[in-house]
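K.L.:
here is my input; please provide its structure:
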Amino acid sequence: MTIRRLGSCVLLVGVVAVLATAAASARPLSGSRVSGLPNSCSKPVGKGKYVIASDFPLQGSLRPLSVQMSQAIKLELKKRHYKIGKYTVQYVSCDDSTAAKGSWDPQTCTNNANSYKSVSNLLGVIGTYNSGCAEIIAPILNRAPGGGIPMVSPANTYVGLTKKTGVAGEPQKYFPTGKRNYARVAVPDNFQGAADALYLKRKGIKRVYVLNDAEAYGLGIANNFVRAAKKLGLKVLGNSKWDSNQPNYQSLYQGIASKHPQAIFLGGIVSNNGGQLIKDKVSVLGNNKKVLLLGSDGFNDSATPKDAGSAAAGMYITIGGSDPNKLSNPSGRAFVKAFKRAYHVKTLEAYTAYAAQATLVLAHAIVKSNGTRLSMDKHLFKQKFPKGIIGSFKIDGTGDPTLAGVTVDVVKSGKIKPVTLVNPPLSLAKAALG
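P.N.:
Take a look at the predicted model:
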């Protein structure tokens, strides 16, 4: 579904007049020149009066994935001549990581968010990739003048960003004004955790050990997986943290070996020293045929086989949704073809197509709005995409997609290749929530 088609369905009439007369409590964007953007942002592309920004980790192991997500956004906007409804826009790609950390950085996320908040003609932010960064940025954008800056993530999967969890204050603490301004297109982790557990059961696994990186996403999906696994009758031998600052994990796995696991589940991101974690798993416990290794979508990045080398062979990795390289719907196939042609790549990273879809979700909300941020926020929800890039779906009232399928991939010959799509029953996904 293109923005032009959306525009033909929902005519944005009198934008200039609306911008001039909207109530102060829902003050429209000023249209002034771009100022105040974070130092982490690239040079803008397009010459529009308004701004759309993305916020991804552009340094470290997640850079390949983040670069493709940024390219996908640019492709969607360029196809429409940087015009959304009657808004002309420019696009900036912003970095929430640091070279020293090689991953997303809490202080950088904070600095970015405070800068976005000051940019009066910012229509929205597409991001983040990491749920922990979203936890920081979302409440700051929620307090922005005019009702909050719309935020659409292509890849956040931590459940608590949109729905209640066992963590106090979730999700209300991310929306301090009481009005939501956040949506996502990736399948939440209670479905991914349920699908991962179900896949292991189907593989005949009975005993599994869980490792997490202690971040919001990593710990969250590890807990979702544990609950689902126990519901299915799998024996969870432990759920421990791995410290990304450790030089190796030999002693960690030696302790795990005494418990005789049939599988190891990794909840976290590859940029948290995931390559070494995989190497030491194979060194101590044996290859991934002997003791199955399953990683959550934080490992679904070309950096995983690169950082782990031959130790990644046979490792399973999931995606919260469909593998973009196997999209069979017309809009999905068209996007993949256009992206490969535009950027001369053979393979799309896990969330490349999701970044394009997130762009359309934000665009749809902008086109349907009356020109104010409050109105844009409101129209993020209950959108319908019968011909979406990632398939047919809706955005529900909490900002989640009505998708439940989870793709299982495998590392083979240094590449990440699709194996199957797992659709966990709703009852198991609810059990994973706790």
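K.L.:
hey, let's count contacts and neighbours off CA atoms from now on
P.N.:
Noted.
K.L.:
over to Leu237. Which of the three states is it?
P.N.:
Assigned state for Leu237: strand (three-state reduction, DSSP: H, G, I helix; E, B strand; the rest coil).
K.L.:
which residues touch the residue lying closest to it once chain neighbours are set aside?
P.N.:
Distances taken as CA to CA, 6 or more residues apart in numbering put Tyr209 closest to Leu237, at 5.0 Å, once the chain neighbours are dropped. Tyr209 sits next to Val236, Leu237, Gly238, Asn239, Ile256, Pro261, Ala263, Ile264, Phe265 when contact means CA atoms under 8 Å, 6 or more residues apart in numbering.
K.L.:
could you redo the last one with a cut-off of 7 Å?
P.N.:
Contacts for Tyr209 (CA atoms under 7 Å, 6 or more residues apart in numbering) come out as Val236, Leu237, Gly238, Asn239, Pro261, Ala263, Ile264, Phe265.
K.L.:
ok, of those residues, which come out buried?
P.N.:
Neighbour counting with 16 or more other CA atoms under 10 Å marks Val236, Leu237, Asn239, Pro261, Ala263, Ile264, Phe265 as buried within the contacts of Tyr209.
K.L.:
nearest to Lys281 among those?
P.N.:
Ile264 (8.6 Å; CA to CA).
K.L.:
surely the closest one forms part of a helix?
P.N.:
No - when classified by three-state DSSP, Ile264 is found to be strand rather than part of a helix.
K.L.:
show me what contacts it?
P.N.:
If a contact means CA under 7 Å, 6+ apart, then Ile264 has Val208, Tyr209, Val210, Leu292, Leu293, Leu294 as its contacts.
K.L.:
return the subset of those residues lying in strands.
P.N.:
Restricting the contacts of Ile264 to those inside strands, with DSSP state E as the criterion, leaves Val208, Tyr209, Val210, Leu292, Leu293, Leu294.
K.L.:
what's the neighbour count on the third one?
P.N.:
The number of residues packed near Val210 is 23, by other CA atoms under 10 Å.
K.L.:
wait, it touches Asn239, no?
P.N.:
Yes - using CA atoms under 7 Å, Val210 is in contact with Asn239, at 4.5 Å.
K.L.:
can you tell me which of the buried ones among the contacts of Tyr209 comes closest to Val187?
P.N.:
Phe265 (18.7 Å).
K.L.:
now the closest one: how far from Ala168?
P.N.:
Counting by CA to CA, to the nearest Å, the separation of Phe265 from Ala168 is 26 Å.
K.L.:
just Thr177 next, same as before
P.N.:
Here Thr177 is placed at a distance of 17 Å from Ala168 (CA to CA).
K.L.:
those two: who's more crowded?
P.N.:
Applying other CA under 10 Å to Thr177 and Ala168 shows that Thr177 carries more neighbours, namely 15 against 10.
K.L.:
do a quick rundown of the helices in the protein.
P.N.:
With DSSP state H applied, the chain shows helices at 3-9, 15-21, 63-79, 106-118, 131-142, 189-202, 216-231, 250-257, 274-285, 303-308, 330-343, 352-368, 373-378, 426-433, listed in chain order.
K.L.:
format these as a markdown table; extra columns: distance to Gly148 and mean neighbour count.
P.N.:
Listed next are those as a markdown table, based on distance: least, CA to CA, whole Å; neighbours: other CA atoms under 10 Å:
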| stretch | distance to Gly148 | mean neighbour count |
| --- | --- | --- |
| helix 3-9 | 22 | 15 |
| helix 15-21 | 16 | 14 |
| helix 63-79 | 21 | 22 |
| helix 106-118 | 8 | 20 |
| helix 131-142 | 4 | 24 |
| helix 189-202 | 26 | 27 |
| helix 216-231 | 23 | 25 |
| helix 250-257 | 44 | 15 |
| helix 274-285 | 35 | 22 |
| helix 303-308 | 35 | 21 |
| helix 330-343 | 30 | 16 |
| helix 352-368 | 13 | 26 |
| helix 373-378 | 6 | 24 |
| helix 426-433 | 28 | 19 |
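K.L.:
of these, which approaches Thr420 most closely?
P.N.:
Taking CA to CA as the criterion, helix 189-202 is the member of these that comes nearest to Thr420, at 9.6 Å.
K.L.:
packing partners for that closest one?
P.N.:
Applying 3 or more CA pairs under 7 Å, 6 or more residues apart in numbering; DSSP states H and E, one finds that helix 189-202 contacts helix 216-231, helix 426-433.
K.L.:
and it, how far out from the chain middle?
P.N.:
Between the mean C-alpha point of helix 189-202 and the mean C-alpha point of its chain there is a distance of 18 Å (CA atoms, centre = their mean, to the nearest Å).
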